[in-house]
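Trainee: What follows is a predicted protein model with its sequence.
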Amino acid sequence: MRDRPPADVLGTLLRHVRITTSTFGRIELGAPWGAKLGPRGTVSLHHLLEGEMWLELDGHDIHVGRRDLLILPHGTPYTLRHRPGAPVEDEARWRTPPVPGALSVRRRHGGDGARTVVLCAELGVEGAARAMLMRALPSVLRFPAGGSGEAMPGLDRLLDVLREEVREARSGAPLIAARLAELLLLRAVREELERPATAGSWRAALTDDRVARALDAIYGAPERPWSVVTLARTAGMSRTVFAQRFRDLVGESPFAHLTRWRMEVAKTTLRDHPGRTLGEIASSVGYADEFAFGTAFRRVVGIPPGAYRTAAERPEPPS
């Protein structure tokens, strides 16, 4: 029998996310300066062009050198300073709303000391795979410049093009720079998730060829009537061995993971496709009828699918 091709679990998951750039800017700062950034629903990206700065996150100070790339995926509060312990201002006092379609530039914020120049982007990540991917990432991804090898293959080339677009400011530069920022995030996620992980963290299963086949099947075809037996067959294992191996690596049973994924796909469909009926959505995630789907959805999500759709359609109050 021919060897099966390796499962591309991450590739399958990335087809279930959408990445967009909500803001992008080139920020110039003069020491002394410090900014406290509050919680957000976006992924923050910072690329240091000139000078140096310090990131304070989760009680730790991290030095950021010239040309380093930082990605903060969880939207948790953090602080940037020209040096540890420097006074900070809340972002509402210094952050200027960007002009749509333009690179936002804030010149000489702070004092008259050493200059720091940072490219900053806020990236929106949506889709069924968002929660799973974000949970698998650490609180900060840092890709340092220099050294004997690139921190991420192709990183220097991407950053060179990004800097060129911002520097030259040619027609379409904001859009191209934003797309490059989105590509940087995708590459960073892949680089991080290909690193070794401890068992029970979901990431560990990505490098196990047999369990990865089952995950790829789940994520790629949630509408199929999967059972532990059919998933074990896909993985090329006995039912008992597969079930134990899956739980050891992923941290939950195959059926629990399948159900959770189906509900993530269903939530995305409820939000993004208001014209689809509950029966159609039920069928698209592997349920024979609307009642069975509604029962499972309420058990996992906490509210019925109709109520979830209504809440998703309700406009947010103005800030």
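Mentor: Thanks, I have it. Numbering: from 1, shown residues only.

Trainee: buried set for the helix or strand that contains G294?
Mentor: Assigned by DSSP states H and E, G294 falls within helix 290-301. Buried residues in helix 290-301, counted by 16 or more other CB atoms under 10 Å: E290, F293, G294, A296, F297, V301. In this view, the C-beta of every residue, glycine as well, is placed from N, C-alpha and C.

Trainee: Stretch 208-221 now?
Mentor: When burial is assessed from 16+ other CB under 10 Å, stretch 208-221 yields the following buried residues: D208, R210, V211, A212, R213, A214, L215, D216, A217, I218, Y219, G220.

Trainee: Not counting sequence-adjacent ones, nearest residue to the spatially most central residue of the chain?
Mentor: Centroid-nearest residue in the chain, with CA atoms, centre = their mean: M134, separated by 4.7 Å. The shortest distance from M134 to any non-neighbouring residue, by CB to CB, 6 or more residues apart in numbering, is to P73 (5.5 Å).

Trainee: Can you get me a residue count around that neighbour?
Mentor: 24 (other CB atoms under 10 Å).

Trainee: and if you look at R179?
Mentor: Neighbours around R179, by other CB under 10 Å: 16.

Trainee: swap in I303?
Mentor: 12.

Trainee: Could you check how far the nearest residue to it once chain neighbours are set aside is from H273?
Mentor: Once flanking residues are discounted, I303 sits nearest to A311: 7.7 Å by CB to CB, 6+ apart. Distance from A311 to H273, counting by CB to CB, to the nearest Å: 16 Å.

Trainee: picking up where we left off before, what's the neighbour count on the residue nearest to I303?
Mentor: That count, for A311 with other CB under 10 Å as the rule, works out to 11.

Trainee: likewise V9?
Mentor: 22.

Trainee: and what of the one 3 residues further on?
Mentor: Around T12 there are 18 other residues, counting by other CB under 10 Å.

Trainee: Now do I281 against E290, distance only.
Mentor: Remark: distance between I281 and E290 (CB to CB) = 8 Å.

Trainee: what about E122, neighbour count?
Mentor: 19.

Trainee: okay, the closest residue in space to L278 that isn't next to it in sequence: pLDDT?
Mentor: Among residues not flanking L278 along the chain, E290 sits closest, at 4.9 Å (CB to CB, 6+ apart). pLDDT for E290: 95.

Trainee: what do you get for G34?
Mentor: Residue-level pLDDT assigned to G34 equals 93.

Trainee: Could I get the contacting residues of the closest residue to it other than its chain neighbours?
Mentor: Once flanking residues are discounted, G34 sits nearest to V88: 3.4 Å by CB to CB, 6+ apart. V88 makes contacts with G34, A35, K36, T79, R81, as judged by CB atoms under 8 Å, 6 or more residues apart in numbering.

Trainee: Nothing else from me, thank you.
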